[in-house]
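Engineer: Would you be able to build a 3D model of this:
(2 chains)
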Number of protein chains: 2
Amino acid sequence: MGPNFSILQATDAGGRRAQLHLPHQIVETPVFMPVGTAGTVKAVPQDILESLGAQIILGNTYHLYLRPGHDPIRRMGGLHRFISWPRAMLTDSGGFQVFSLSGLRKVTDEGVRFRSHLDGSSHFFTPEHSLDVQIALGADICMAFDECTEYPADRARAQESLRLTMAWARRSLNHFRTHRDEVVWHEELGGRTQSLFGIVQGGVHTDLRRESAERLVEMDFDGYAIGGLSVGEPRELTLEVVNAVLPLLPPGKPRYVMGVGYPDEIEAYARMGVDMMDCVLPTRAARHGLRFTSEGRLNIKNKRYAEDQAPPDPACDCMVCRRYSRAYLRHLMQCREPLSGTLNTIHNLAYYLGIMQRVRGQLLAGGAAQNSTPDAVAETHPPPR
Amino acid sequence: MGPNFSILQATDAGGRRAQLHLPHQIVETPVFMPVGTAGTVKAVPQDILESLGAQIILGNTYHLYLRPGHDPIRRMGGLHRFISWPRAMLTDSGGFQVFSLSGLRKVTDEGVRFRSHLDGSSHFFTPEHSLDVQIALGADICMAFDECTEYPADRARAQESLRLTMAWARRSLNHFRTHRDEVVWHEELGGRTQSLFGIVQGGVHTDLRRESAERLVEMDFDGYAIGGLSVGEPRELTLEVVNAVLPLLPPGKPRYVMGVGYPDEIEAYARMGVDMMDCVLPTRAARHGLRFTSEGRLNIKNKRYAEDQAPPDPACDCMVCRRYSRAYLRHLMQCREPLSGTLNTIHNLAYYLGIMQRVRGQLLAGGAAQNSTPDAVAETHPPPR
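Structural biologist: Now for the predicted structure:
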């Protein structure tokens, strides 16, 4: 039994304002999910994430499997308890990191042998093992194990990759259905279980993408992701793929575009009917001094800000923009002070989460009022613990 | 006119519970002052410092002079405004960092020529220049420019160093008295000015220390620091020096021991009549995973904590100990996550500030009840802005 996904309002453009009922949180969608690779959204304490309104964060299966390990995390009550995050979480399958981070790797039909980027040790991931790890971690949402097709990939290569991903999706689902009751909080949360999303692949070949989507829908996952995007392809192609796939996905289930994007992208996709997105961009860029603001991108390292006492984003009311000046944030960056990453990340997340909050309000109002205010949004979040 | 220093209660052992009325804050003493080297207490946002009850923090003149520079800071309204810290601040004279951090340096009676540790550029600091920089920064308390005598130093070396420091103290004071009205917030804060503290030197030679103290007292500073300690000497010698100097200082003015110390040291010194202390230990140690707790020192990197779900300090009610486990903090440290330094620092500062709060309560109660609870403390802090 999948999660309850209730659509509150839909627009002509395909956008949906909905609620995704997960074991740890009712997630108001469309939602942007901050990335918490190793069990922490880099440089930001959990209570600040809560106050920013983050509803669901990601954990990376590859990283957590290597360190501290899924078995210790399960023994300690699962990922939510381990990192003290009471709201929703999602873990990726580990596939993307295996392909992008690890050394020497060998792909067979059975799975992937790879070397840890930390110590060179050898590991073997299969769809079954990825799900075992994800069930041990105990996030609210798990992802099927897939091969993330690189860009560019010709049709033959993309087709072969897709064949593997589809076979692994089937095995992921079978294994998950057999073992979903084993999640550590199963009894504590009244018999609820994790959800499993399938991942549409196929590179930039829309016919392969369609085939992938149709076959996954037949398998009947709890939700559907579009993966293998934001891997270097032009933005027009990303949009084309999303446009081709969305109509094939069942309207009553959540749709997740992985790894996007820039502020204008996440807003556009949300209006097209994408319910969930994640990206390292706001957090990673922040640590390099790049801030997304209502006035565009602002590189805080720029010398022109050396004595600029204006807030980083005059239109932003986040705790950083209310208190600190561009000059101070530039100074922290110049000195490589750890506070720099913390404050820049807080703002960027506030900006991203604020975009989604505004879009949710507009979708609820029928999608017509493109410039309605965030006040139009009626949402509930659980109070910080 | 120096700051008002009003003693609320004194004990037979020499301890005093007092209030130091500074332009930006009435500081409840004895007080521990977190070190904010480059205009930030490393890894901790200002609002968290406020919630921890930090009343006064340090800025390092040497670092701020090099980056971003005292002139830009003055133009932006002074250090308080630049870093958004509304409570009290103190700047050191730059002397200690010149001697410990900079490259090639040449000391003459006039001052010190040194090379920046950042880019090797050449700079010349005199007592007058140090005070100009400190007045531009605009902390509540400035320190006289001194030579920090290294340890070990024989009597002849310590005597020569002391001669320099005494001459520089005189020049610091003369320059300060002429220019104290130039601080940027002078008019805004109703004509108030900074304070200037003299620094007792003399190595571990108690006769030189006594001579130093007597000559500084004759000059009539606003307060007196004991410098040149915690530079490698055994703790018994540190204590001996403090014991020799304290009785020579005027009881009606604040006494500051620079650069100490461990939790038991700051508690002992506070009971002996030291009003102010600062040290990088709680913040620096935190970034290396060393936490001070009610159960002693805890090295969070230790493998024994890998699955320890207990709070770092079960007796501590700081925001970190209330929320996170040893296992999680160890994991953050293992992964070199920036959140590690932030959370460890918050706890260590809470622990240090908590010690001082408890001691203040006990001193107010007459100094007899060594185990009275923190509830006995009646203090006021301005609300966070």
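Engineer: ok, which stretches of the stretch 1-150 of chain A are strands?
Structural biologist: Here the stretch 1-150 of chain A has its strands, by DSSP state E, counting those that start in this stretch, at A:4-10, A:16-22, A:25-29, A:31-33, A:56-59, A:88-91, A:103-107, A:112-115, A:122-125, A:141-143.
Engineer: hang on, A:Gln194 packs against A:Asp181?
Structural biologist: No. Under the criterion of CB atoms under 8 Å, A:Gln194 makes no contact with A:Asp181, lying 9.9 Å away. Glycine gets a C-beta too; all of them are placed from N, C-alpha and C.
Engineer: Which one of those two is surrounded by more residues?
Structural biologist: A:Gln194 (28 against 12; other CB atoms under 10 Å in any protein chain shown).
Engineer: So what does the more buried one have for phi and psi?
Structural biologist: phi -70, psi 170 (degrees, to the nearest 10).
Engineer: For the closest residue to A:Met166 other than its chain neighbours, grab the count of nearby residues.
Structural biologist: Of all residues not flanking A:Met166 in the chain, A:Arg215 sits nearest, at 5.5 Å (CB to CB, 6 or more residues apart in numbering or on different chains). Counted with other CB under 10 Å, residues neighbouring A:Arg215 total 16.
Engineer: A:Arg215: helix or strand, and which one exactly?
Structural biologist: Here A:Arg215, judged by DSSP states H and E, is contained in helix A:206-219.
Engineer: how close does A:Ser122 sit to B:Cys335?
Structural biologist: Here the criterion is CB to CB, to the nearest Å. By it, A:Ser122 lies 21 Å from B:Cys335.
Engineer: Which one's more surrounded, the two?
Structural biologist: Neighbour count, other CB under 10 Å: between A:Ser122 and B:Cys335, B:Cys335 has more, with 21 against 12.
Engineer: what sits against that one?
Structural biologist: Going by CB atoms under 8 Å, 6 or more residues apart in numbering or on different chains, B:Cys335 touches A:Ala38, A:Thr40, A:His63, A:Arg67.
Engineer: Pick out whichever of the residues you listed sits closest to B:Met33.
Structural biologist: Among the contacts of B:Cys335, A:Thr40 lies closest to B:Met33 (CB to CB), at 29.6 Å.
Engineer: picking that back up, which stretch among the strands of the stretch 1-150 of chain A is buried most, on average?
Structural biologist: Of all the strands of the stretch 1-150 of chain A, strand A:141-143 has the most neighbours on average by mean count of other CB atoms under 10 Å in any protein chain shown, namely a mean of 29.
Engineer: which strands and helices sit next to the very next helix or strand once past that strand?
Structural biologist: Note on strand A:141-143: by DSSP H and E, the next helix or strand toward the C-terminus is helix A:155-179. Helix A:155-179 sits against helix A:127-137, strand A:195-200, helix A:206-219, with contacts defined as 3 or more CB pairs under 8 Å, 6 or more residues apart in numbering or on different chains; DSSP states H and E.
Engineer: so what pLDDT did the residue in the stretch 151-300 of chain A that chain B sits nearest to get?
Structural biologist: Nearest residue of the stretch 151-300 of chain A to chain B, counting by CB to the nearest CB: A:Arg287, 8.1 Å away. pLDDT, A:Arg287: 97.
Engineer: Pull the contacting residues for the spatially closest residue to it that is not a sequence neighbour.
Structural biologist: With sequence-adjacent residues excluded and distances taken as CB to CB, 6+ apart, A:Arg287 is closest to A:Gly341, at 4.4 Å. Taking CB under 8 Å, 6+ apart as the criterion, A:Gly341 is in contact with A:Lys42, A:Ala43, A:Ala286, A:Arg287, B:Pro338.
Engineer: Same question for A:Ala54.
Structural biologist: Residues near A:Ala54 by CB under 8 Å, 6+ apart: A:Met33, A:Pro34, A:Val41, A:Arg87, A:Leu349, A:Leu353.
Engineer: wait, doesn't the fourth one sit right on A:Gly53?
Structural biologist: Yep, that's A:Arg87 we're talking about. No. In this structure, A:Arg87 is not within contact of A:Gly53 by CB under 8 Å, at 10.0 Å.
Engineer: Name the residue in the two with the higher neighbour count.
Structural biologist: A direct count of neighbours by other CB under 10 Å for A:Arg87 and A:Gly53 places A:Arg87 higher, at 23 against 16.
Engineer: How about the contacts made by the more buried one?
Structural biologist: A:His24, A:Gln25, A:Glu50, A:Ala54, A:Gln55, A:Ile56, A:Ile57, A:Pro382 are the contacts of A:Arg87 under CB under 8 Å, 6+ apart.
Engineer: my hunch is that the residue nearest to A:Arg287 is in a helix, does that hold up?
Structural biologist: Yes. Looking at A:Gly341 with DSSP: H, G, I helix; E, B strand; the rest coil, it is inside a helix.
Engineer: Please report how far it lies from A:Val320.
Structural biologist: 12 Å.
Engineer: likewise A:Leu101?
Structural biologist: From A:Leu101 over to A:Val320 (counting by CB to CB), the distance is 30 Å.
Engineer: quick one: which of the two has more around it?
Structural biologist: Neighbours per residue (other CB under 10 Å) separate A:Leu101 from A:Val320, with A:Val320 holding more: 21 against 17.
Engineer: so the more buried one, which of the three states?
Structural biologist: At A:Val320, secondary structure determined by three-state DSSP is helix.
Engineer: contacting residues around it?
Structural biologist: When contacts are counted by CB under 8 Å, 6+ apart, A:Val320 touches A:Pro312, A:Leu329, A:Leu343, A:Asn344, A:Ile346, A:His347, A:Ala350.
Engineer: thinking again about what came up before, for the helix holding A:Arg215, what is the average pLDDT?
Structural biologist: 98.
Engineer: Let's see that helix as CSV, backbone CA atoms only.
Structural biologist: The C-alpha trace of helix A:206-219 is given here as CSV (Å, rounded to 0.1, in the frame of the first residue of the first chain):
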residue,chain,number,x,y,z
THR,A,206,12.3,10.6,-25.8
ASP,A,207,11.1,7.3,-27.3
LEU,A,208,13.3,5.4,-24.8
ARG,A,209,12.0,7.7,-22.0
ARG,A,210,8.4,6.9,-23.0
GLU,A,211,9.1,3.2,-23.1
SER,A,212,10.8,3.4,-19.6
ALA,A,213,7.9,5.3,-18.2
GLU,A,214,5.3,2.9,-19.5
ARG,A,215,7.1,-0.2,-18.3
LEU,A,216,7.6,1.3,-14.8
VAL,A,217,3.9,2.4,-14.6
GLU,A,218,2.9,-1.2,-15.3
MET,A,219,5.0,-2.3,-12.4
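Engineer: What is that helix packed up against?
Structural biologist: Using 3+ CB pairs under 8 Å, 6+ apart, helix A:206-219 sits against helix A:155-179, strand A:195-200, strand A:223-226, helix A:235-245.
Engineer: got the buried residues for the first one?
Structural biologist: Along helix A:155-179, these residues count as buried under the neighbour rule (16 or more other CB atoms under 10 Å in any protein chain shown): A:158-159, A:161-162, A:164-166, A:168-173, A:175-176, A:179.
Engineer: What are the contacting residues of that helix?
Structural biologist: With contacts defined as CB under 8 Å, 6+ apart, helix A:155-179 is touched by A:93, A:107, A:109, A:126-128, A:130-132, A:135, A:142, A:144-147, A:149, A:153, A:194, A:196, A:198-199, A:201-205, A:208, A:211-212, A:215-216, A:219, A:221.
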